[in-house]
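Asker: Model the structure of this input:
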Amino acid sequence: MNASQSAPNLASKDRDAGSPAPTWDLAALRERSLVFAAMSEAEIDELMRSARIVEVPARRAVFHTGECGDSLYVILSGKVKVSLLSADGKEAILSLMGAGEVFGEMSLLDGLPRSATVTSLEDCRLMQIGRQDFVQFLKRHADVALKLLAALSQRLRTTNKLVENLSFHHLPSRLARLLLDLGQRHGKAEPNGVEIGLRLSQEELGNLVGASRESVNKQLRAWVDSGVLEYRQGAIVIRKVDVLFRQALAG
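Answerer: A predicted model of the protein is given here:
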């Protein structure tokens with residue numbers, strides 16, 4: 001599907017006027033989002049009362065590059081990827097996001113079309129907040145607007161770091177850095193390592209590090225053969241974190 005096509009319809013659940021705001025994991029919102037970390041419980045409740053719940057099945061687009069952006073989304077559960085497509089259809093994954101994180105706010109603020117495509121990696125439950133409601137909320141709470149600017153600045157720094165990583169480091173280093181980051185953000189510790197709780201295809205891993213699926217497959221197979229990694233029911237388990245760490249520093 002190209003950028004000019006509309007995203008598939010997503011199931012939504014609207015609330016009746018005066019009904020209580022949906023429940024959410026307040027701790028996760030504050031931990032993962034600079035915006036919500038700056039907000040009191042009352043402010044979050046006020047904002048969420050103008051929102052609606054959107055259910056997105058796995059591997060479905062929330063929106064595409066170039067579409068009109070009139071709302072932002074808060075991830076209540078699940079994970080998404082933010083990506084761009086080149087003219088020849090090659091995907092570049094800009095980031096992976098999970099519970100508590102916010103996306104879609106750039107178009108909401110500047111009124112320009114969506115700058116990237118967001119796709120669910122698993123079944124997701126999102127909170128959707130419309131442009132008019134959010135702008136009015138920011139007018140009433142200037143401190144939250146400042147935190148939103150800080151969050152956008154942090155995202156820009158992350159993108160700059162991604163460009164630097166792709167430009168100046170060899171594939172083993174880039175892939176090691178990615179796996180360590182995934183382990184830190186989405187991992188589950190176990191006695192003999194860390195299981196990455198996010199199932200990505202080798203093509204998606206390649207799109208994250210700017211390499212072909214074949215090159216990623218070759219490097220992963222080498223690490224599996226040497227006991228650094230293990231594949232278990234489609235999940236990657238890091239067995240030797242120290243080896244990956246040294247590889248990440250090797251450049």
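Asker: Count the residues that sit near residue 174.
Answerer: 23 (other Cβ atoms under 10 Å). For glycine as for every other residue, the C-beta is placed from the backbone atoms N, C-alpha and C.
Asker: same check, this time on the one 5 residues further on
Answerer: Counted with other Cβ under 10 Å, the neighbours of residue 179 add up to 25.
Asker: Now do the SS call for it.
Answerer: helix (DSSP: H, G, I helix; E, B strand; the rest coil).
Asker: Next up, the contacts around it.
Answerer: By Cβ atoms under 8 Å, 6 or more residues apart in numbering, residue 179 lies in contact with 196, 229, 236, 238, 244.
Asker: Please apply the same query to residue 57.
Answerer: Applying Cβ under 8 Å, 6+ apart, we find residue 57 in contact with 120, 123.
Asker: okay, and for the stretch 101-250 of the chain, where does confidence drop off?
Answerer: Counting by pLDDT under 70, the ranges of the stretch 101-250 of the chain that qualify are 151-168.
Asker: Mind doing that once more with 50?
Answerer: Across the stretch 101-250 of the chain, no stretch falls below the confidence threshold (pLDDT under 50).
Asker: In it, what residue spans correspond to helices?
Answerer: With DSSP state H, counting those that start in this stretch as the criterion, the stretch 101-250 of the chain has helices at 105-110, 131-140, 142-168, 171-186, 202-209, 213-225, 241-250.
Asker: Give me the distance between residue 238 and residue 176.
Answerer: 10 Å (Cβ to Cβ, to the nearest Å).
Asker: returning to what we had before: just put the contacts of residue 179 in TSV and tack on neighbour count and distance to residue 79.
Answerer: Listed next are the contacts of residue 179 as TSV, based on neighbours: other Cβ atoms under 10 Å; distance: Cβ to Cβ, whole Å:
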residue	neighbour count	distance to residue 79
196	22	11
229	23	20
236	25	15
238	23	18
244	24	21
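Asker: ok, the residues you listed vs residue 54, which is closest?
Answerer: Using Cβ to Cβ, residue 196 is the member of the contacts of residue 179 that lies nearest residue 54, at 26.3 Å.
Asker: Next, the contact list for that closest one, please.
Answerer: Residue 196 touches 179, 182-183, 186-187, 235-238, counting by Cβ under 8 Å, 6+ apart.
Asker: again with residue 198
Answerer: Counting by Cβ under 8 Å, 6+ apart, residue 198 has contacts 79, 96, 121, 182, 186.
Asker: Is the spatially closest residue to residue 208 that is not a sequence neighbour bridged to anything, and to what?
Answerer: Excluding the flanking residues, the one nearest residue 208 by Cβ to Cβ, 6 or more residues apart in numbering is residue 93, at 4.6 Å. On the basis of DSSP bridges, residue 93 is bridged to residue 83.
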